[in-house]
Every structure is written in structure tokens, then in C-alpha cells.
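1. Structure of the sequence below:
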Amino acid sequence: MSLNRNYPYGLFDGLFRGWWIAAILSLIGFLVFGRGLPDVAGGLMTAGLRDVAGDFETRNGFVFVHGFDSGLLPVLLALPGAWLVDRYGPRRVALCGLPAVVVGYLVLAGASPVNWTMSLSAALLTLGATVGYSWVPSATLNHWFQRRKATAMAIPMVAVSLWHWANGPALEALVASVGWRLSTVAVGVIALAVVMPLAWQIRDNPEDRGLHPDGTPPQPGVILPEYTWREAVHSRAFWFLAIGDACISSTVIPLLVLSSQFEFESDWALNSWDLTNVVRTAAILAGAFLADQIPIRYVLAGSGAVMVAAAALLVTGSPVGVYVFELVLAVALGGTSAVRLAARGVYFGRGSYAAIAATGVFVIAPFQPLVTFGLLSMSEVTGGPLVPWSIGLVGCLVGAWSYLKAGPPRTAPWRSQSEKG
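-> Numbers count the residues shown, from 1 in each chain. This is a model prediction of the structure:
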């Protein structure tokens, strides 16, 4: 018997509770989302620095705030969170981690930037958002969905992306009206009243409620993978997926920086930031929906092909070409945001999903700064972006090839051996 995900289904067949959980995770994400420090908390801290700190303290404070959200720190903190999610379940981890976020917001109200109170608040918020929550949404939805896995994971991402877009203006309006301290108190009270009650509604598995993934019993003859962490890291699929992610993600920032090196005519005044973010957000859901219809490796490989097309537009050096490049790049990146997370569940199952996915993130994390530094240095040495652009294009092709080489999902070795026995 072989794996088969391509059987007919309806968008909301049966599993209403799973879609409600996706909505609940979206609401929690508004106050918890951030690479390390939650975006809302970072905005409130920045507003406090501008309000009460001097110039020197403000500069040091900005370094302090952004230090929690940069480098490898969020990745390193997410690793124990992934192990906890696999060991104790997403629900228990959320119920232990989210109180740290709530207390962090409440403590922040008494901070006088920058002092030990703000340091304690930032530490609680960062630990709660990384160790206590970063892998909860994708692991929960990976357990609840099989046929609509990518679409389900895309729902919180789209919601948080929309909120991330409005976060800055919303916080600025709130701080301007009541001040940053009252704003912080209000956010802390909202977190206490909303986040914790919603966290109690999370359920680890549909089987806990007498249901099945996607709300329907598994069909006869369909075998799903169920890998341990050790089996996954010894499989070819894990490393080909990691190579594809590394090649694609590490070329994004260099290509964006290289696009800014082209000189345009002064009357060219297109501001593409808003439009590219709209396109990227829409692509998250579109790419996930497509990944649930066709083999997921084809969607991932397609993102590499799209980035090659984007790089081809970039080399023209024209304003229109660079503008379209940013839009096409937004499609490639947004279209695979949820798909990359879903791919680990499709290939490796539910039992060790978070640890496997977190290990993949950790493996590729060093590539982005190294490739960015190398390509930009090469641009300075060669006196133009053509050579690093060509290398970036080859990297995108290698990434697309790696996704295809991952092949179709296969059963775990222990399961294959037990069936033979």
C-alpha cells in the first residue's frame, strides 16, 4: 500500500471543531505573534522609550528591545518549546507558556525604560511567545488535519499577517490617545481576559473528542507516515526539504538589497510596500489551498521557479522590472509560508512533528546571514549586482530541485518493518 492524499473532500466537511481551533489560535496570535518578542509588546516598549527616555537611553533601549527579536535567540528558544509540545501536547504547553505572556504585559506597565522591570517583562514575553507558544499553532493543526493541513495552518498566518500590517498604526493611535502606560495596562487586561480563556479551548488531538483528522474516519488503504525524530533526520526527505528551504530563504534578503542598488529616474515614485504585503498575505492562503490539492513538493518546487522568474525581472534593472520583482517575490514567499510547515506533517506525521520542524529551522538558520554577507560582499568586489544575482538564481534552481528530490511521502521505517513482519 502507498500513501495517497489526493482523494475528494469538501472544504469544511465534518470537522467544525478543527476550524474553530484555527480561529482560536488566530485570536491568541494577535498578542503573542513575533519572531521572539511579541510585536505588540515591542511597539509598546518603543513608545515608552520615546516618551520618557533621553536620546542616549533611547538608542540603548532600541538595541535592548530588538535584541530579543533578532539573531538565533528566537530559534534557540523555540527548540525546547518544540520538544515540550511533542512530549506534553500543545494544550499543556500553551497553558503553561501563555501565563508568562500575560504577566509580562502586566509587568511592563510599571517599567521605566530601561530598568530591571522592563528586562523582566521582555524576558517573560519572549519566553512565553517562543518556548510556550511558537510551535503550538502548527502542531495543533497538524494533529487535527490531514487533507486540509496547509489550509488550516494558513488561517492563523493570514490573520496574524493582517494584524501585523495594522499593528503599528493601531498602537500609535492608542498611545496617542491615552499614553503608553495606560495602553500597556489595557493590553495586559485584554491578554488576561482573552488569551487564557481561549487557551483552555485548545485540544491536542481530534481523538480526544471522539473525532478523526478532518472529521472523517481514515479511508481503507491509506497509510499515513508516523516518524520518530531520529527516523526523520536520517531520511532523505528531511535533508532535501531542509536544503530547499535553505536555498530559497537565504537568497531573499540579498535579492531585495540588490534590487535597491539600481538607480531609477527621479520621477519614478512607486511605493510598493503596501501592495507587496497585500500580495504576500493573499498568497499565503492561495499557496496553502493549492498544496492541499496537488503533491506538496510541487508547490514548494514551484516557489523556487517563481523566484527564478523574479530574479530574471530583477536583472533588467528597469523600475518596472524591479517593482514586478518585489510582487513576484511576495507571491513566492507568501505562497510557501504555511506550506513549509505543513510539509513536515505530510512527510513525517504527528508524533514528533514539532521537534522535526524545529530541527529543520535550526539547520537552515545560519545560512541566511552567511549567504547575505557573501553575496553583498561579492557585489562590492565585482562592482555590480550581476554576479551575486546569478549565484542567487542558481541557488533558487537548486532549491526547487531539492524539493522535487524529496519524493512522495513514505511510511516510517518502523511501520514498514512491522507490516513485513
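
2. Show me what the helix or strand where residue 150 lies is packed against.
-> Using DSSP states H and E, residue 150 sits within helix 149-178. Counting contacts by 3 or more C-beta pairs under 8 Å, 6 or more residues apart in numbering; DSSP states H and E, helix 149-178 packs against helix 16-32, helix 39-52, helix 136-144, helix 180-190, helix 273-291, helix 337-348. C-betas here are computed from N, CA, C, even on glycine.

3. Least confident of these, on average?
-> Sorting the helices and strands packed on helix 149-178 by mean pLDDT places helix 39-52 lowest, at a mean of 78.

4. now it and helix 16-32, what's the angle there?
-> Angle, helix 39-52 to helix 16-32, by axes from the mean of the first three to the mean of the last three C-alpha atoms, to 10 degrees: 20 degrees.

5. Would you mark the buried spots in helix 39-52?
-> 39, 40, 41, 42, 43, 44, 45, 46, 47, 48, 49 (16 or more other C-beta atoms under 10 Å).

6. Please identify which of those residues is nearest to residue 171.
-> residue 43 (4.3 Å; C-beta to C-beta).

7. any idea how far residue 30 is from the closest residue to the closest one other than its chain neighbours?
-> Excluding the flanking residues, the one nearest residue 43 by C-beta to C-beta, 6 or more residues apart in numbering is residue 171, at 4.3 Å. Separation of residue 171 from residue 30 (C-beta to C-beta, to the nearest Å) stands at 12 Å.

8. what is in contact with those two at once?
-> residue 40 (C-beta atoms under 8 Å, 6 or more residues apart in numbering).

9. I'd say residue 283 and residue 335 touch.
-> Yes - using C-beta atoms under 8 Å, residue 283 makes contact with residue 335 at a distance of 4.2 Å.

10. ok, the residue nearest to residue 43 - contacts?
-> Contacts of residue 171 (C-beta under 8 Å, 6+ apart): 40, 43, 44, 47, 183.

11. The first one and residue 31, how far apart?
-> The gap separating residue 40 from residue 31 is 6 Å, by C-beta to C-beta.

12. tell me, what's touching these two both at once?
-> What both residue 40 and residue 31 touch, as defined by C-beta under 8 Å, 6+ apart, is the set residue 187.

13. Who are the packing partners of whatever helix or strand residue 298 lives in?
-> Element membership of residue 298, judged by DSSP H and E, is helix 296-314. The contact analysis (3+ C-beta pairs under 8 Å, 6+ apart) places helix 296-314 against helix 236-250, helix 252-259, helix 273-291, helix 319-335, helix 337-348, helix 386-405.

14. any idea which of those helices is most buried?
-> Stretch with highest mean neighbour count among the helices and strands packed on helix 296-314: helix 337-348 (a mean of 26; mean count of other C-beta atoms under 10 Å).

15. what helices or strands is it leaning on?
-> helix 136-144, helix 149-178, helix 236-250, helix 273-291, helix 296-314, helix 353-364.

16. how far out from the middle of the chain is the fourth one?
-> Put simply, helix 273-291 sits 13 Å off its chain's centre (C-alpha atoms, centre = their mean, to the nearest Å).

17. for the stretch 101-250 of the chain, which spans come out with low pLDDT?
-> The model of the stretch 101-250 of the chain has pLDDT under 70 over residues 111-114, 220-222.

18. tell me the contacts of residue 185?
-> 106, 109.

19. again, only using 10 Å
-> 105, 106, 108, 109, 110, 178, 179 (C-beta atoms under 10 Å, 6 or more residues apart in numbering).

20. hmm, back to that, can you tell me how far the residue nearest to residue 43 sits from residue 86?
-> Taking C-beta to C-beta as the measure, residue 171 falls 35 Å from residue 86.

21. ok, back up a step: tell me which residues of the helix holding residue 150 are tucked away?
-> In helix 149-178, counting by 16+ other C-beta under 10 Å, buried: 149-161, 163-164, 167, 171, 174-175.

22. that older thread, please save the CA atoms from the helix holding residue 298 in PDB.
-> In PDB, the C-alpha atoms belonging to helix 296-314 read as follows (Å, rounded to 0.1, in the frame of the first residue of the first chain):
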ATOM      1  CA  ILE A 296       3.100  19.400  -1.700                       C
ATOM      2  CA  ARG A 297       6.600  19.100  -3.200                       C
ATOM      3  CA  TYR A 298       5.400  20.500  -6.500                       C
ATOM      4  CA  VAL A 299       4.100  23.700  -4.700                       C
ATOM      5  CA  LEU A 300       7.500  24.100  -2.900                       C
ATOM      6  CA  ALA A 301       9.400  23.500  -6.100                       C
ATOM      7  CA  GLY A 302       7.200  26.000  -7.900                       C
ATOM      8  CA  SER A 303       8.200  28.600  -5.400                       C
ATOM      9  CA  GLY A 304      11.800  28.200  -6.500                       C
ATOM     10  CA  ALA A 305      10.800  28.500 -10.100                       C
ATOM     11  CA  VAL A 306       8.800  31.700  -9.300                       C
ATOM     12  CA  MET A 307      11.900  33.200  -7.600                       C
ATOM     13  CA  VAL A 308      14.000  32.400 -10.700                       C
ATOM     14  CA  ALA A 309      11.400  34.400 -12.700                       C
ATOM     15  CA  ALA A 310      11.600  37.200 -10.200                       C
ATOM     16  CA  ALA A 311      15.400  37.300 -10.400                       C
ATOM     17  CA  ALA A 312      15.200  37.400 -14.200                       C
ATOM     18  CA  LEU A 313      13.000  40.500 -13.800                       C
ATOM     19  CA  LEU A 314      15.500  42.000 -11.400                       C
END
